[in-house]
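Q: need coordinates for the following:
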Amino acid sequence: MDAPFKSLSDMEGKPSQRRLDLKKTLSRLMDLAVDEKADLVLVCGDLYEHGYTGKSSIHYICDQFARVPDTPVLIIPGNHDPKLPGSYYSEHQWSSNVHILESGDVFEYSPANVRVYGGLVKGPTDPSFINILMHHGTLDMPFASDAFQPISGRQVEEKGFDYCALGHFHSKITAGGERGIFYNAGSPEPLGFDEPGEHGAFITVIEKAPGGKASICAEFRTVCSRRYIDLTVDVSGCLNSEQAADLIAAEMKAAGRETDLFRITLSGRLTAGIQMDAEEISVKLEDAAFYLKISDKTQPDYDLESISREKGLRGVFTRKMLERASQAEDEESASMVMKALYYGLEAIDEGKVCI
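A: Just a heads-up that it's a prediction; the model follows:
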């Protein structure tokens, strides 16, 4: 399962530790199922990465599901773990409590009067049951016609479903739809900086009198080993990298834990001639996070508008560069022009440039 952690490939030991984190998170999920005496465990796709996951990982997953032998574990395949000839869903011997549901499949759990559907049905559901839909795909989103398995929330509600457990997107959805029946816990363990915040699972209690309206009580429980945290830190006024590192350390402590992954963007304006050393800061803070990446977006503290009105070389150079930046085709090109402007002003003022 290397694919999710490509960004850590240059950090010795980090990808393997993150793979271990995934296993620990699954173990905590099953701890929840045991502690809560769950009637059902629902897995809405992307349980593993087809083509990357080895048999040892699948055996580990099976061992975890086998910890609740009397609790049905219901799985629907996703786009990352499709049920194909030769896939683990097709060929592997799962424990007897594990059921792989495909579109059209219905699992009936008599002790709780529940029916769980692996996909939408043509007609209405039977209102005498608690009807649960498991779906891996997009819901009520303005995507193109080729979006992965799109469904309409209104269509789901009209068919009489009492609850819909969603997968595919790694962000959390709580009580979505007009009737508040759509829930997506997201990925229980985040896989990148585009998945910030806490990650976990819903412990859901559904109650319904036959033919009545279901009541849903869903509590989100955090189980993730680590979090991905994006921070922008204004280091204006810092005179060196050590001062900046102290400021960043305080911001990191307030935002997360030493076990988290941080992406820090340095912002603000610095006295002309002073620059931050991202590598030096990273070394000073290496024990403050599991993973740390620093980007320097600071700018020299020049009053460009005032300089552009000067009659000398500085004024002409600044006016020309600001004009070029305003005509740049994109933000990246404009940023490069502005960086050249600051370096040029430093060269004019100091007689040298520190890069």
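Q: and the longest helix seen in the chain, what's buried?
A: Once the chain is assigned using DSSP state H, the helix that runs over the most residues is helix 14-35. Across helix 14-35, burial judged by 16 or more other Cβ atoms under 10 Å covers 14-15, 18, 21-23, 25-26, 28-30, 32-33. Where C-beta positions appear, they are placed from N, C-alpha and C, glycine not excepted.
Q: keeping just the C-alphas, turn it into PDB.
A: The C-alpha atoms that make up helix 14-35 are tabulated as PDB, following Å, rounded to 0.1, in the frame of the first residue of the first chain:
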ATOM      1  CA  LYS A  14       7.900   7.100   7.300                       C
ATOM      2  CA  PRO A  15       5.900   5.200   4.600                       C
ATOM      3  CA  SER A  16       6.300   1.900   6.500                       C
ATOM      4  CA  GLN A  17       5.200   3.600   9.700                       C
ATOM      5  CA  ARG A  18       2.200   5.000   8.000                       C
ATOM      6  CA  ARG A  19       1.300   1.600   6.700                       C
ATOM      7  CA  LEU A  20       1.500   0.300  10.300                       C
ATOM      8  CA  ASP A  21      -0.700   3.200  11.300                       C
ATOM      9  CA  LEU A  22      -3.400   2.000   9.000                       C
ATOM     10  CA  LYS A  23      -3.400  -1.400  10.700                       C
ATOM     11  CA  LYS A  24      -3.500   0.100  14.100                       C
ATOM     12  CA  THR A  25      -6.500   2.200  13.000                       C
ATOM     13  CA  LEU A  26      -8.400  -0.800  11.800                       C
ATOM     14  CA  SER A  27      -7.700  -2.500  15.100                       C
ATOM     15  CA  ARG A  28      -9.100   0.500  17.000                       C
ATOM     16  CA  LEU A  29     -12.200   0.400  14.700                       C
ATOM     17  CA  MET A  30     -12.800  -3.200  15.700                       C
ATOM     18  CA  ASP A  31     -12.200  -2.300  19.300                       C
ATOM     19  CA  LEU A  32     -15.100   0.100  18.900                       C
ATOM     20  CA  ALA A  33     -17.300  -2.600  17.400                       C
ATOM     21  CA  VAL A  34     -16.500  -4.900  20.300                       C
ATOM     22  CA  ASP A  35     -17.000  -2.300  23.000                       C
END
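Q: pLDDT of that helix, averaged?
A: For helix 14-35, mean pLDDT rounds to 94.
Q: next secondary structure after that helix?
A: Sequence-wise, the next helix or strand beyond helix 14-35 is strand 41-43, with elements assigned using DSSP states H and E.
Q: low-scoring stretches of the stretch 201-350 of the chain, by residue?
A: Along the stretch 201-350 of the chain, no part satisfies pLDDT under 70.
Q: so where do the strands sit in it?
A: 215-222, 228-234, 261-267, 269-270, 291-296, 299-300 (DSSP state E, counting those that start in this stretch).
Q: coming back round to it: tell me which two of the buried residues of helix 14-35 sit farthest apart.
A: 14 and 33 (29.2 Å; Cβ to Cβ).
Q: how near is residue 75 to residue 51?
A: Using Cβ to Cβ, to the nearest Å, we find residue 75 at a distance of 18 Å from residue 51.
Q: who's more crowded, these two?
A: residue 75 (24 against 9; other Cβ atoms under 10 Å).
Q: you'd agree that one is up against residue 43?
A: Yes. The criterion here is Cβ atoms under 8 Å, and residue 75 meets it with residue 43 at 4.4 Å.
Q: residue 197: how many residues sit nearby?
A: Residue 197 has 13 neighbouring residues, counting by other Cβ under 10 Å.
Q: need the contact list for it.
A: By Cβ atoms under 8 Å, 6 or more residues apart in numbering, the contact set of residue 197 is 172, 190, 227.
Q: I'm done for today, thanks for sticking with me.
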